[in-house]
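Novice: Got a predicted model here, sequence first, then my questions.
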Amino acid sequence: MKIPKTFNLRRLAKIIMEEKRDLKWEEFERVDMRVGTIIQVDDFPEARKPAYQLTIDFGEAIGIRKSSAQITKRYNKENLVNRQIVAVVNFPKKQIGRKFMSECLVLGALGKEEGDVILLSPDSKIENGLKIS
């Protein structure tokens, strides 16, 4: 399987599941996952499915990034601010709706019910921008 230089993590996961093979170490190494802190949460009425627009601080080296996340079932805006999350930060920007550009992919576990996403986060407060390995 040939992986393009820019790829979609969900698409890659789908390809791997369809081919029923293990991910190669080199493929995993290309995914840059970092810890960041949500500093702002806004409603996203343009989204096809209920979602928030998140502004996330990944520290000095990476800076501030924006993302949309379909996490409204489990989280309200107030309990997301100052929450640390894990996100993939080396995707190309993606247009979401007419006016919003997503700059990273926030990671979460999929619950059993439709639309239930449980955010991945560190056990304790750590420095923004730390790499996940």
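Specialist: Done, it's in. Residues are numbered from 1 along each chain as shown.
Novice: Let me see the ranges of the strands in this structure.
Specialist: Counting by DSSP state E, the segments of the chain that form strands are 33-43, 52-57, 64-69, 84-88, 94-96, 100-102, 105-106, 108-110, 117-119.
Novice: model confidence over the third one, on average?
Specialist: Averaging the model's pLDDT scores along strand 64-69 yields 97.
Novice: Pick out the shakiest of the strands of the chain, pLDDT-wise.
Specialist: Among these, strand 94-96 scores lowest, with a mean of 90.
Novice: For that strand, name the packing helices and strands.
Specialist: Helices and strands touching strand 94-96, by 3 or more C-beta pairs under 8 Å, 6 or more residues apart in numbering; DSSP states H and E, are strand 100-102. Any C-beta I mention is one placed from the backbone N, CA and C, and that applies to glycine too.
Novice: Show me which residues of the strand it packs on are buried.
Specialist: 100, 102 (16 or more other C-beta atoms under 10 Å).
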